[in-house]
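Asker: what shape does this take:
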Amino acid sequence: MTRLELREGGDPVEVPLDEKSGLALRASGLVTASPTVAAGWWTVGPTTKVGVARVGDVEIVVRPKVDIRRLMFLVGYARDGSLWREEDVQLDEHTDLLTAIAWAFARQAERATARGLLQGYRVEERSSPVLRGRIRTTDQLTRHHGLPLPLEIRYDEFDVDIPENQILRAATHRLLRLEHLPHDVRPRLRRLSRSLADVSPLPSGGAIPRWSRSRLNTRYHVALGLGELVLRGSSVEQAAGAVRIDGFMLDMAKLFEDFLTEALGAVLRDHGGSCRAQDLWHLDEDSAIRMKPDLAWYSGASTRPAAVIDAKYKAEKPSGYPNADLYQMLAYCTVSGLARGHLVYARGNEPAARHRVVGAGIEIHQHALDLEVEPAELLRQVRDLAARIAVLAVTDRNGSGTWVGGA
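Answerer: Purely as a prediction, here's the structure:
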């Protein structure tokens, strides 16, 4: 077994690997991998994914550059900022990501199910000798050709076998299958598994069930967010050719995007109006080229955006922020008729910047958030950013209330 320890944003390492293992690492997308000029040696480097995984006979550990307590705050807030309460997660200095996620999920799932499993209605379709609910006329005729029995029926069932519980069950079992899961959390997850015994398992490789937030499932919200995180992070469980991949990896770029959408969106809504994440826009008049900015703020009752924001976790180049981000934001501003666009980065070595596009009358602002500060300070930075975006949005309107650059 070869063990690779990497650090997010750190330097790649050269390791001896056979061709099969090297190609499997590269195909996994969890790390970068390329052969060196020396036969039997590969250069392996980190991406934006952190966590633990096993690819064939290679064990990968990628440690986040953000302190684990800060990381867990981002995870919790990104899942459901309206319910997240900063609390002592009782993590020691050497706690790894999988341990922290496993404990957080177990604790939140126990709280969610402490008063019993949530129940709800689901639609059931089956063949039956007795009538219950409604007959599916088309299926009855095509399958049984006029025979009176059995009946093809559809009815509503009220029980615990609903998407919310299916997600908790799937996440619990996924964690229990991981080799690196700490032993002290396994008993709690096994108890949770027993309490979910009457819930149907999800099909292997199937999509995560859809569920809708309501006052009835409020106590499940944080646990469900963590459960979905576990299922997505464990989606590296796959077969790359003949090499088995298993583990838990968290995409820091997606986490930063989720956090910014949740935190900044909530503050912008306090300034009035609404926010839409991944709002569908089109670059061309034929609507063939789709665009989805991370966050669009619609001030008041306006149907046109007051601001467009995109999250960019990736590290800056030695010479500055990537130019491609500016081109992308320019397209957003052009389509929306906005005079300003906002790119928000996880802070590295590059300060905030502002660029005015030649001949377009468009300004692109590049902001930075420091993820390594205390949670309260990070949220203060978000509030300050929202206030600046709101002030700049006001200057994009003229006296008649139309938009600068708008049609």
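Asker: who are the contact partners of Leu268?
Answerer: 275, 295, 297, 307, 386, 389-390 (CB atoms under 8 Å, 6 or more residues apart in numbering). For the C-beta atoms, the positions are set from N, CA and C on the backbone; glycine is no exception.
Asker: and the helix or strand Gly22 falls within, what does it pack onto?
Answerer: For Gly22, the host element (DSSP states H and E) is helix 19-28. Contacts defined by 3 or more CB pairs under 8 Å, 6 or more residues apart in numbering; DSSP states H and E place helix 19-28 against strand 31-35, strand 41-46, strand 49-55, strand 58-63, strand 238-240, strand 243-251.
Asker: and the last one, C-alpha only, in CSV?
Answerer: This means strand 243-251. Extracted C-alpha coordinates of strand 243-251, given in CSV (Å, rounded to 0.1, in the frame of the first residue of the first chain):
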residue,chain,number,x,y,z
VAL,A,243,-9.2,-0.2,-9.9
ARG,A,244,-11.6,0.4,-7.0
ILE,A,245,-11.9,3.9,-5.6
ASP,A,246,-13.4,4.5,-2.2
GLY,A,247,-13.3,7.4,0.3
PHE,A,248,-14.6,10.8,1.3
MET,A,249,-13.4,13.9,-0.5
LEU,A,250,-14.8,17.4,-0.1
ASP,A,251,-14.6,19.9,-3.0
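Asker: in its sheet, what does it sit against?
Answerer: strand 49-55 (antiparallel), strand 238-240 (antiparallel) (DSSP bridges).
Asker: put together a markdown table for the helices and strands packed on helix 19-28, with distance to Leu17, mean neighbour count and mean pLDDT on each row.
Answerer: Output for the helices and strands packed on helix 19-28, formatted as a markdown table (distance: least, CB to CB, whole Å; neighbours: other CB atoms under 10 Å; pLDDT from 0 to 100):
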| stretch | distance to Leu17 | mean neighbour count | mean pLDDT |
| --- | --- | --- | --- |
| strand 31-35 | 8 | 18 | 95 |
| strand 41-46 | 5 | 19 | 95 |
| strand 49-55 | 10 | 24 | 90 |
| strand 58-63 | 7 | 21 | 92 |
| strand 238-240 | 14 | 13 | 49 |
| strand 243-251 | 12 | 21 | 80 |
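Asker: of all the ones you listed, which one comes closest to Leu181?
Answerer: Closest of the helices and strands packed on helix 19-28 to Leu181 is strand 243-251, at 8.9 Å (criterion: CB to CB).
Asker: next structured bit after that closest one?
Answerer: As assigned by DSSP H and E, the chain's next helix or strand after strand 243-251 is helix 252-270.
Asker: and that following helix, how far out from the chain middle?
Answerer: How far helix 252-270 lies from its chain's middle: 11 Å, per CA atoms, centre = their mean, to the nearest Å.
Asker: that helix vs strand 243-251, what angle?
Answerer: Orientation check (axes from the mean of the first three to the mean of the last three CA atoms, to 10 degrees): helix 252-270 against strand 243-251 gives 30 degrees.
Asker: name the residues of helix 252-270 that are buried.
Answerer: The neighbour-count check on helix 252-270 (16 or more other CB atoms under 10 Å) flags 252, 254-268 as buried.
Asker: what does stretch 18-27 give?
Answerer: The neighbour-count check on stretch 18-27 (16+ other CB under 10 Å) flags 21-26 as buried.
Asker: report the two of these separated the most.
Answerer: Distance extremes for these: the farthest pair is Ser21 and Arg26 at 9.8 Å, using CB to CB.
Asker: what bits of the stretch 251-400 of the chain have low per-residue confidence?
Answerer: 315-321, 348-351, 396-400 (pLDDT under 70).
Asker: thank you, goodbye.
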